[in-house]
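Trainee: I need the structure of the sequence given here:
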Amino acid sequence: MEGIELQSEAMVEPTTSMDTDDSNVGNPQEEGPRLSANDWCDFEEISKPLNLSEMAQSGDKFDCECTYNPETDVPSAACGEDCLNRQIMIECEPKRCRVGVHCQNRRFQKGDKAACELFKTERKGWGLRATEDIQSGDFIYEYCGEIYTQEEFEKRQVQYHEDGRYHYYFMSLDADYVIDATLKGSLSRFINHSCEPNAETQKWTVHGYLRVGFFAIKDIAAGEEITFDYQYERYGEQAQACYCGSSKCRGTLGKKREQTSKAVKSDRDREKARLNDFLATITNEDGGLKDGSRVVKLLQRMVQSKSAYEKDKRERMLDILLATDNVDTLTTFIAKRGLFVFRLWLQDMVLEQQLNLIRKIIRVCLQLPLKTRNPVESAGLPPVMADIRRLDDAVSNELLDEFDARKLETVYVIPEQVVIPTDRVFVPRTQLRDFNRQLLCWLEDQSKAKVELMRLLPGDAELEIRIKGPELALTTARNLIEQVRESFAQRQEAQQQQLLAKQREQQEKEARRLAEAEQAAATAAVPQQRKVSDEPVMFVPSTHVLSAKPLHPNWEQVFDNDERDYYFYNVHTNEVTWNRPIIEPLEEQVQQRSAKRNLQGVELEGQASLNEAILKMKAEKAKAKRPKTAEELEARHLRKFKEKVSPYVIRYLKPHRDKKVKYGFVRNDKDFKFLARKLTHQIVEKERKRRGDVGSLKMTDGLKDKIKLFVKESMKKCGKVFIPPQA
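Mentor: Okay, here's the model as predicted:
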């Protein structure tokens with residue numbers, strides 16, 4: 001592509017580049033280290049340009065209007081040669097392309113480089129060759145490296161010379177920026193020069209930034225070296241020999257800088273000179289475009305120009321349009337979205353400082369064969385024209401009045417119905433928590449389809465997941481959702497089986513315990529002939545540290561279903577007690593030897609029956625229990641309700657401990673505890689007044705939402721930072 005050059009060292013003699021013979025370069029008498037082109041161990045390979053954000057980015061994007069049906073169209077039809085973005089060297093953006101994942105105009109973004117490999121040439125050091133056949137027009141490789149300004153470029157040249165480097169990998173990106181692949185770059189830095197090349201460099205706009213790539217200009221067979229014309233300018237008298245081996249070899253690389261243009265005084269002047277040379281190839285003797293086929297090439301340059309530095313270039317291209325009188329050519333300019341480019345120019349310039357450029361744009365619009373106002377409105381020009389009128393420039397307003405005098409009418413056009421395929425997938429309601437936002441984002445990333453969880457209505461047994469996108473993306477999304485749904489179902493089934501097994505185990509354990517209790521009760525009903533033990537007895541509560549001691553030989557235990565507790569009875573006297581009888585430890589015997597032992601049991605007169613003893617014991621226990629008053633029951637229920645409210649207040653209040661919160665920042669734990677208690681008390685009292693009956697207070701989903709809203713509104717009233725009230 002015209003306008004891209006490989007820049008060689010401007011201050012070091014002899015001047016060399018990548019296309020050199022290592023044995024024929026350098027001065028043996030020069031001191032300091034010399035780094036060979038073959039010695040590239042310090043080179044770091046990268047896949048994308050570095051410091052890309054340092055460049056000016058185009059403020060607007062081009063929507064792709066291509067259509068594609070994967071079931072009927074061939075893959076190459078997806079944003080192929082007919083794509084307007086592709087024709088003016090702009091890559092489609094995913095959100096602005098109707099074709100979706102099938103788009104073929106994202107080669108830089110996807111890194112769709114050709115199959116290549118490094119190899120050692122006979123006289124030119126390292127080179128790059130194809131390992132598979134490459135067709136003419138195919139994208140080969142992006143030229144990656146560090147991007148910086150012309151000022152930094154001058155500093156790097158000096159630094160590299162001091163480091164002993166005599167091979168440079170500079171490529172001019174535009175008049176203000178240079179790509180340096182010396183230390184960091186892609187393998188395309190090893191592509192050598194040829195006077196009869198099979199590839200060329202092209203500038204493409206990707207996400208608003210300029211990128212440089214190599215494209216085949218003829219068919220390249222597997223094993224053939226990839227070459228392009230460096231087109232750099234030489235400094236000084238010494239020329240560098242060319243070893244390309246072509247029949248058209250010029251013998252040396254580059255031309256002397258003075259021979260390029262007499263008016264060249266700076267890098268920007270050289271850029272302007274190259275533009276003039278390019279424009280000369282697309283214009284006729286009258287200065288206008290030769291024919292409609294040249295419109296696309298002109299638009300390519302118009303899109304890549306920057307108003308801040310290239311005002312003269314833009315005016316030069318506008319002059320070409322003003323000198324074009326062929327109606328078909330101007331109609332092609334409209335069809336290829338030339339008015340849209342005008343809108344981009346007008347939006348990224350300071351209108352007050354570009355009056356001459358504005359006037360030329362309006363004159364071009366007056367010259368265009370517009371039959372309706374539709375192209376003007378679709379390009380978004382009316383709002384910009386209104387801004388121009390507010391400048392109070394007499395000439396511009398007069399031209400706009402002339403344009404309005406044409407009275408172009410807006411014709412209603414039935415918009416093309418772009419139907420985006422949509423599908424629905426249903427999953428069980430129980431998987432609502434599983435299909436969270438993180439999972440949905442993962443599904444979108446994997447399938448390239450839009451995945452949305454629809455709102456769940458009361459009574460719905462299933463969740464609806466709606467997916468949109470091309471058929472291929474829909475199929476992928478459906479399969480992924482089915483796999484995820486099956487995985488969750490298997491997990492839930494496993495959890496259910498574990499729960500059932502645990503319940504069965506508990507039931508079996510309870511059944512064994514009841515059977516043992518019944519057997520013990522039946523055994524107790526039958527008189528047992530047991531030898532009376534003379535061991536002293538001691539009665540301890542179930543919570544006592546000695547309750548784990550073995551039972552006294554004269555006693556048995558029985559589980560009472562009514563009280564859900566064990567009681568103990570003496571097999572000889574039918575004495576009963578709730579405390580566990582154990583053999584009194586020796587130390588207790590010594591301490592209480594002179595004291596009378598209190599059995600703490602139920603004293604019986606004579607040999608009363610065991611049933612009578614049990615009934616008497618239960619009666620005394622019931623008598624000892626004082627019934628709760630209504631106030632005590634109400635206070636107890638209110639306390640339990642407050643314990644349920646407090647955790648939710650703390651949950652919704654916790655984010656306010658973060659300094660980044662918009663309002664109600666709580667500075668310390670003391671204030672946090674104060675707020676938690678205060679808000680909990682207020683919520684409980686409000687709910688108590690609303691319901692009236694304390695016994696009806698209970699935690700519900702609706703109350704949880706109310707708590708969240710109450711905490712939010714309360715913290716808003718606190719301002720930016722919560723300040724506790726003064727004591």
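Trainee: if I look at I583, how far off is M538?
Mentor: For I583, the distance to M538 equals 7 Å [C-beta to C-beta, to the nearest Å]. Using the backbone N, CA and C atoms, a C-beta is placed for each residue, glycine as well.
Trainee: same deal with N356?
Mentor: 113 Å.
Trainee: Between these two, tell me which one has more neighbours.
Mentor: M538 (22 against 12; other C-beta atoms under 10 Å).
Trainee: List phi and psi for A405.
Mentor: Dihedral angles of A405 (phi, psi; degrees, to the nearest 10) stand at phi -70, psi -20.
Trainee: In which helix or strand does the residue most central in space within the chain reside?
Mentor: By C-alpha atoms, centre = their mean, the chain has its centre lying nearest to C441, at 8.5 Å. Using DSSP states H and E, C441 sits within helix 437-447.
Trainee: Can you point out the buried residues in whatever helix or strand comes next after that helix?
Mentor: The helix or strand immediately downstream of helix 437-447 is strand 450-453, counting by DSSP H and E. For strand 450-453, burial by neighbour count (16 or more other C-beta atoms under 10 Å) applies to 450-451, 453.
Trainee: and these as JSON lines, adding distance to L253 and pLDDT?
Mentor: Shown next, in JSON lines, are the buried residues of strand 450-453 (distance: C-beta to C-beta, whole Å; pLDDT from 0 to 100):
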{"residue": "K450", "distance to L253": "53", "pLDDT": "82"}
{"residue": "V451", "distance to L253": "55", "pLDDT": "84"}
{"residue": "L453", "distance to L253": "62", "pLDDT": "81"}
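Trainee: Using CSV, lay out these together with distance to S533.
Mentor: Shown next, in CSV, are these (distance: C-beta to C-beta, whole Å):
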residue, distance to S533
K450, 83
V451, 77
L453, 73
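Trainee: ok, so of those residues, who is nearest W126?
Mentor: W126 lies nearest to K450 out of the buried residues of strand 450-453, by C-beta to C-beta, at 46.2 Å.
Trainee: what's across from the closest one in the sheet?
Mentor: Here K450 sits in beta bridges with K468, as judged by DSSP bridges.
Trainee: And R250, how close does it get to A241?
Mentor: Separation of R250 from A241 (C-beta to C-beta) stands at 10 Å.
Trainee: how far away is P375 from Q367?
Mentor: 14 Å.
Trainee: Mind checking which of these two has more residues around it?
Mentor: Between P375 and Q367, counted using other C-beta under 10 Å, P375 has the larger neighbour count: 19 against 14.
Trainee: State the helix or strand in which the more buried one lies.
Mentor: helix 374-378.
Trainee: Please list the outside residues in contact with the following helix or strand past that helix.
Mentor: Beyond helix 374-378 in the direction of the C-terminus, DSSP H and E gives the next helix or strand as helix 381-389. Defining contact as C-beta atoms under 8 Å, 6 or more residues apart in numbering, one finds that helix 381-389 is touched by 339, 342-343, 346-347, 351, 358, 362, 365, 376, 396-397, 400.
Trainee: Same check on stretch 44-56?
Mentor: Identification of contacts with stretch 44-56 by C-beta under 8 Å, 6+ apart yields 111, 142, 144-149, 173, 177, 179, 183-187, 209-211, 306, 308.
Trainee: Just the C-alphas of it, formatted as CSV.
Mentor: Taking Å, rounded to 0.1, in the frame of the first residue of the first chain, the C-alpha atoms of stretch 44-56 are listed here in CSV:
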residue,chain,number,x,y,z
GLU,A,44,10.5,-10.8,22.3
GLU,A,45,7.6,-12.0,20.1
ILE,A,46,4.3,-10.3,20.7
SER,A,47,0.9,-10.8,19.0
LYS,A,48,-0.5,-7.2,19.2
PRO,A,49,1.0,-3.7,18.9
LEU,A,50,2.2,-2.1,22.2
ASN,A,51,1.3,1.4,23.3
LEU,A,52,-1.6,1.5,20.9
SER,A,53,-3.7,3.7,23.2
GLU,A,54,-1.0,6.5,22.8
MET,A,55,-2.4,7.1,19.3
ALA,A,56,-5.5,9.2,18.6
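Trainee: Would you mind finding the longest helix in this protein?
Mentor: The residue-count maximum for a helix in the chain (DSSP state H) belongs to helix 471-525.
Trainee: and that helix with helix 437-447, angle?
Mentor: Angle, helix 471-525 to helix 437-447, by axes from the mean of the first three to the mean of the last three C-alpha atoms, to 10 degrees: 140 degrees.
Trainee: and helix 471-525, what other elements does it pack with?
Mentor: Packed against helix 471-525 by the contact rule (3 or more C-beta pairs under 8 Å, 6 or more residues apart in numbering; DSSP states H and E) you find strand 422-428, helix 437-447, strand 462-468, strand 555-560.
Trainee: go again using 6 Å as the cut-off
Mentor: Using 3 or more C-beta pairs under 6 Å, 6 or more residues apart in numbering; DSSP states H and E, the elements in contact with helix 471-525 are strand 422-428, helix 437-447, strand 555-560.
Trainee: between the ones you listed, which one is nearest to C79?
Mentor: The nearest among the helices and strands packed on helix 471-525, by C-beta to C-beta, is helix 437-447 at 20.2 Å.
Trainee: For the closest one, report the contacting residues that lie outside it.
Mentor: The contact list for helix 437-447 (C-beta atoms under 6 Å, 6 or more residues apart in numbering) reads 451, 473, 476-477, 480.
Trainee: cool, and stretch 397-407?
Mentor: 362, 366, 389.
Trainee: Neighbour-wise, which one of these leads?
Mentor: I362 leads the contacts of stretch 397-407 on contacts (other C-beta under 10 Å) with 20 neighbours.
Trainee: so what's that residue up against?
Mentor: Contacts of I362 (C-beta under 6 Å, 6+ apart): L399.
Trainee: so it sits in a helix?
Mentor: Yes - counting by DSSP: H, G, I helix; E, B strand; the rest coil, I362 is found in a helix.
Trainee: do you know how far it is from M385?
Mentor: Applying C-beta to C-beta, the value for I362 to M385 is 8 Å.
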